[in-house]
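Asker: quick one, fold the following:
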Amino acid sequence: MRNPLSRTKGVVKALTLGLIVAAVSPSLYAQTSAFVVNATSGSIDQVTLSTMQLQASGSLAAGRSPRAFALVPGSSRAYIANTAGNAITVYDTATRQVAATVPLPAAPHSLAVSNNGARVYVSVPETNAVVVIAAATNAVETTVAVGSRPWGLALSRDGNRLYVANSGGPSISVIATATHTVTRTITLTAVNPAHLAVTVDDQFLLVTEVSGTNLIVLNLMFGDIFRTIALGGIGQSVSLVPDGTRIYVPITSGVVTIDTSTFLAAGTMTDVGTPAAVAFNSAGTTGYVTDTTGGRLVAFDPNTLMVTSETTLAPGVSAVALPQPMAPQSGWWWNTSEPGRGYALEVYGWKIIYSPFVYDVDGDPLWYMAYLATTDGETYTGDLLQYRNGQALNGAYQAPTLIGAVGPVSLRFTSPTTGTATHLGMPISVQRYDVVSNGVAAGRGSGMPQTGWWWGPSEWGRGYFIETQNNNFFFGAFMYDGRGDAA
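Answerer: Alright, predicted model coming up:
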């Protein structure tokens with residue numbers, strides 16, 4: 001029997017096993033502060049978000065003409081691109097001290113930090129290259145030649161690919177982060193790319209233009225333009241709310257919002273002066289936009305686009321960043337000393353769906369589903385849910401029955417690929433599973449299906465978890481046997 005599959009959205013019904021998935025709002029380092037770059041004064045302002053006031057210790061000297069500021073997830077380490085100083089400043093936000101300075105051959109433009117914080121990627125337009133800095137040594141590890149005048153950078157959600165906007169190309173270079181080689185070049189026609197962002201499903205690349213007034217939506221599987229969206233002004237940056245449902249593009253007259261389900265405009269916030277950049281808290285409940293001319297940091301409700309509070313700093317504010325917790329990778333996980341059982345995990349924005357593949361005391365296969373939320377940004381907790389009497393592999397469709405919660409589960413991560421899973425009080429070490437040799441590092445091959453949960457839309461109650469590594473994929477089916485037990 002053929003069963004057409006499509007990706008689950010993950011935001012409402014995970015495999016539709018009666019499991020409602022709510023937003024995860026990690027708070028590692030409590031996201032108590034926002035860091036605001038001021039290129040005019042050469043400083044970084046640290047604003048307390050609860051009061052929207054500049055911290056008493058004042059602004060931080062950030063070098064000459066800072067352009068970009070990037071925080072390492074789950075860390076107090078940050079990087080500042082100093083355009084006039086031809087250098088990257090390494091800064092510790094906890095001690096408020098400069099830790100190192102990394103000289104570059106020319107002025108840096110944009111920054112991207114790997115998910116595990118091990119590497120920092122820097123676009124250097126004058127050299128037509130991306131510089132890779134090793135965080136362990138604060139030294140240049142390698143330089144990757146790309147297209148003409150690289151500007152914006154964006155990492156894929158799994159961290160395996162770095163997209164580079166070649167503003168003078170015009171083109172997009174795709175760098176494999178495992179090898180630091182350009183594996184693909186997407187040529188654009190009459191589009192000079194500037195700023196980039198990747199949708200949460202890794203399916204589309206969002207591209208603003210250097211001087212054009214459109215947002216370009218690139219289909220990454222086929223490398224072609226999927227949609228061109230008129231903005232009404234030149235996009236100053238591009239970002240997404242954490243659950244990926246909306247895009248926010250500042251133009252000189254306001255912030256344009258776009259719905260990712262339709263790629264249609266969903267409203268414009270116009271009372272924020274001359275906006276330059278937008279950032280969000282991890283829960284996606286509050287956005288923050290910089291007003292360059294007015295020198296303000298403005299807090300707003302991402303859904304209503306209404307301003308909720310603001311603080312005045314100084315004219316010239318541009319980039320804004322909030323501390324971000326460490327996020328695990330989607331895919332198959334396992335304990336290396338316990339072959340034969342494994343764990344499927346998908347992170348969608350700040351939503352997480354988890355399922356262990358295990359066995360009962362009689363040796364029969366067994367699986368559970370769980371929704372895991374976190375309040376501290378470090379430990380994700382929830383209940384293991386068990387179902388029965390659902391659809392068998394080749395049987396007629398029938399909806400499953402929820403037996404109930406069999407006990408608690410928690411996950412805690414030490415890196416995007418390592419952590420501890422505690423089932424019913426029993427902790428075990430888990431790590432990402434290499435389907436093929438070095439498959440986790442290599443990531444999804446070109447044209448291969450996305451990693452994550454899949455389902456037949458007309459067959460609620462069973463589903464499939466697929467992970468692709470290079471040109472291979474690992475497929476797990478979650479369904480029921482003839483007795484109604486999980487199989």
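
Asker: what about residue 200, how many residues nearby?
Answerer: The number of residues packed near residue 200 is 21, by other CB atoms under 10 Å. The way it works is simple: take the backbone N, C-alpha and C, and place the C-beta from them, glycine included.

Asker: got it, and the one 3 residues further on?
Answerer: A total of 16 residues lie near residue 203 under the criterion other CB under 10 Å.

Asker: right, and it touches residue 219 too?
Answerer: Yes. When contacts are counted by CB atoms under 8 Å, residue 203 is listed as touching residue 219 (7.1 Å).

Asker: in contact with residue 236, which residues?
Answerer: Residues near residue 236 by CB atoms under 8 Å, 6 or more residues apart in numbering: 195, 208, 249, 250, 251, 252, 275, 276, 277.

Asker: whoops, I mixed them up, residue 333
Answerer: Residue 333 sits next to 342, 343, 344, 345, 421, 430, 431, 432, 433 when contact means CB under 8 Å, 6+ apart.

Asker: can you list those residues in a markdown table and add distance to residue 474?
Answerer: Shown next, in a markdown table, are the contacts of residue 333 (distance: CB to CB, whole Å):
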| residue | distance to residue 474 |
| --- | --- |
| 342 | 9 |
| 343 | 12 |
| 344 | 10 |
| 345 | 13 |
| 421 | 19 |
| 430 | 16 |
| 431 | 15 |
| 432 | 12 |
| 433 | 8 |
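
Asker: for the stretch 351-487 of the chain, give me the ranges with low pLDDT.
Answerer: 351, 374-377, 460-461 (pLDDT under 70).

Asker: ok, which stretches of it are strands?
Answerer: Counting by DSSP state E, counting those that start in this stretch, the stretch 351-487 of the chain has strands at residues 351-359, 365-367, 370-371, 373-374, 379-388, 401-415, 418-423, 426-432, 452-455, 463-469, 472-478.

Asker: which of the ones you listed sits most buried?
Answerer: With neighbours taken as mean count of other CB atoms under 10 Å, these reach their highest mean count in strand 463-469, at a mean of 24.

Asker: run the angle between it and strand 472-478 for me.
Answerer: In terms of direction (axes from the mean of the first three to the mean of the last three CA atoms, to 10 degrees), strand 463-469 departs from strand 472-478 by 170 degrees.

Asker: measure how strand 463-469 sits relative to strand 351-359, angle-wise.
Answerer: Using the same axes, to 10 degrees: strand 463-469 against strand 351-359 is 100 degrees.

Asker: and strand 463-469, how far out from the chain's middle?
Answerer: 19 Å (CA atoms, centre = their mean, to the nearest Å).

Asker: got it, and stretch 273-293?
Answerer: Distance, centroid of stretch 273-293 to centroid of chain: 17 Å (CA atoms, centre = their mean).

Asker: I'd like the average pLDDT over that stretch.
Answerer: Stretch 273-293 shows a mean pLDDT of 91.

Asker: quick one: end-to-end length of stretch 407-426, please.
Answerer: End-to-end distance of stretch 407-426: 11 Å, with CA to CA, to the nearest Å as the criterion.

Asker: mind putting the contacts of residue 236 into CSV with secondary structure, neighbour count and distance to residue 365?
Answerer: Compiled in CSV, the contacts of residue 236 are given as follows (DSSP: H, G, I helix; E, B strand; the rest coil; neighbours: other CB atoms under 10 Å; distance: CB to CB, whole Å):
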residue, secondary structure, neighbour count, distance to residue 365
195, strand, 25, 47
208, strand, 28, 49
249, strand, 28, 48
250, strand, 29, 51
251, strand, 19, 54
252, coil, 15, 59
275, strand, 28, 53
276, strand, 22, 54
277, strand, 25, 49
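
Asker: just flag the most distant two among the contacts of residue 333.
Answerer: With CB to CB as the measure, no two of the contacts of residue 333 lie farther apart than 344 and 431, at 14.0 Å.

Asker: nearest residue to the most centrally placed residue in the chain other than its sequence neighbours?
Answerer: Nearest to the mean C-alpha position of the chain, by CA atoms, centre = their mean, lies residue 157 at 4.7 Å. The spatially closest residue to residue 157, leaving aside those adjacent along the chain, is residue 202, at 5.1 Å (CB to CB, 6 or more residues apart in numbering).

Asker: for residue 117, same thing?
Answerer: That would be residue 72: by CB to CB, 6+ apart, it lies 3.9 Å from residue 117.

Asker: which parts of stretch 200-215 are buried?
Answerer: The neighbour-count check on stretch 200-215 (16 or more other CB atoms under 10 Å) flags 200-210, 212, 214-215 as buried.

Asker: what would the residues you listed look like in TSV with pLDDT?
Answerer: Shown next, in TSV, are these (pLDDT from 0 to 100):
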residue	pLDDT
200	83
201	82
202	86
203	89
204	95
205	96
206	97
207	97
208	96
209	95
210	94
212	91
214	95
215	96
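
Asker: and those residues, which two are the farthest apart?
Answerer: Maximum pairwise distance among the buried residues of stretch 200-215 (CB to CB): 26.8 Å, between 201 and 210.

Asker: any idea how far residue 119 is from residue 155?
Answerer: Applying CB to CB, to the nearest Å, the value for residue 119 to residue 155 is 10 Å.

Asker: and residue 297, by the same measure?
Answerer: Distance of residue 297 to residue 155, given as CB to CB: 25 Å.

Asker: more neighbours: these two, which one.
Answerer: The residue with more neighbours, out of residue 297 and residue 155, is residue 297; 24 against 19, by other CB under 10 Å.

Asker: how far away is that one from residue 93?
Answerer: 16 Å.

Asker: equivalent analysis for residue 266, please.
Answerer: Separation of residue 266 from residue 93 (CB to CB) stands at 33 Å.

Asker: can you show me the helices along the stretch 1-150 of the chain?
Answerer: With DSSP state H, counting those that start in this stretch as the criterion, the stretch 1-150 of the chain has no helices.

Asker: run through it and note the low-pLDDT ranges.
Answerer: Scanning the stretch 1-150 of the chain for pLDDT under 70 picks out 1-30, 56-65.

Asker: can you rerun that using 90?
Answerer: Along the stretch 1-150 of the chain, segments meeting pLDDT under 90 span 1-34, 37-46, 48-50, 52-69, 71-77, 82-85, 91-99, 114-118, 136.

Asker: got it, and the stretch 151-300 of the chain?
Answerer: 157-160, 169, 178, 189-191, 200-203, 221-223, 242-244, 271, 281-285.

Asker: how many neighbours does the residue lying closest to residue 124 once chain neighbours are set aside have?
Answerer: Closest residue to residue 124 apart from its sequence neighbours, by CB to CB, 6+ apart: residue 106 at 5.2 Å. By other CB under 10 Å, 13 other residues sit near residue 106.

Asker: my read is the residue nearest to residue 157 is in a strand, agree?
Answerer: No. Looking at residue 202 with DSSP: H, G, I helix; E, B strand; the rest coil, it is coil, so not inside a strand.
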